[in-house]
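[1] structure here, sequence nowhere to be found:
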């Protein structure tokens with residue numbers, strides 16, 4: 001395998017992993033902000049049911065639910081929508097639509113940079129969703145100091 005191909009596969013795999021982490025953070029946020037927030041909350045089994053339900057949704061459908069239920073600021077919602085476009089490009093077009101340029105060794109670095117940008121944006125959005133959930137939880141009387149300490153340990157790595 002050629003080194004550039006290996007780099008492409010590693011970068012694409014990393015981006016897909018980060019997208020999955022973002023999707024999972026979004027699923028958790030929807031459950032907590034939409035379902036659990038009900039008066040007196042809901043039993044854990046119901047929360048698990050809703051989490052499994054939302055985890056089965058595509059990123060686009062989850063973003064649509066977040067928008068419909070107004071779970072985020074307009075700015076964050078817009079960033080999620082814009083990210084969806086890049087995610088769709090990565091999953092559906094990044095390789096097939098760049099095949100000719102790849103074979104001619106044109107714009108490989110540009111392709112790598114765009115894939116890296118998807119990874120970085122997914123991580124940034126995940127962090128924004130985590131921060132939003134911390135604020136949401138604190139607003140609802142939950143002490144999040146231990147959670148914040150653990151998050152900060154991982155963010156510094």
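    That came in fine, so what should we check first? Owing to the predicted nature of the structure, the values given are computational and were not obtained by experimental measurement.
[2] quick check: longest helix of this protein.
    Ranked by number of residues, the top helix in the chain under DSSP state H is helix 108-139.
[3] now do that helix: which elements does it pack against?
    Contacts defined by 3 or more CB pairs under 8 Å, 6 or more residues apart in numbering; DSSP states H and E place helix 108-139 against helix 3-30, helix 74-92, helix 99-103, helix 145-155. C-betas here are computed from N, CA, C, even on glycine.
[4] okay, buried residues for stretch 131-139 please.
    Buried residues in stretch 131-139, counting neighbours by 16 or more other CB atoms under 10 Å, are found at 132, 133, 134, 136.
[5] hang on, the earlier thing: what's the most buried one of the helices and strands packed on helix 108-139?
    Mean neighbour counts were taken over these using mean count of other CB atoms under 10 Å, and the top value, a mean of 17, falls to helix 3-30.
[6] how far away from the center of its chain is that helix?
    9 Å (CA atoms, centre = their mean, to the nearest Å).
[7] taking helix 74-92 as reference, get the angle to that helix.
    140 degrees (axes from the mean of the first three to the mean of the last three CA atoms, to 10 degrees).
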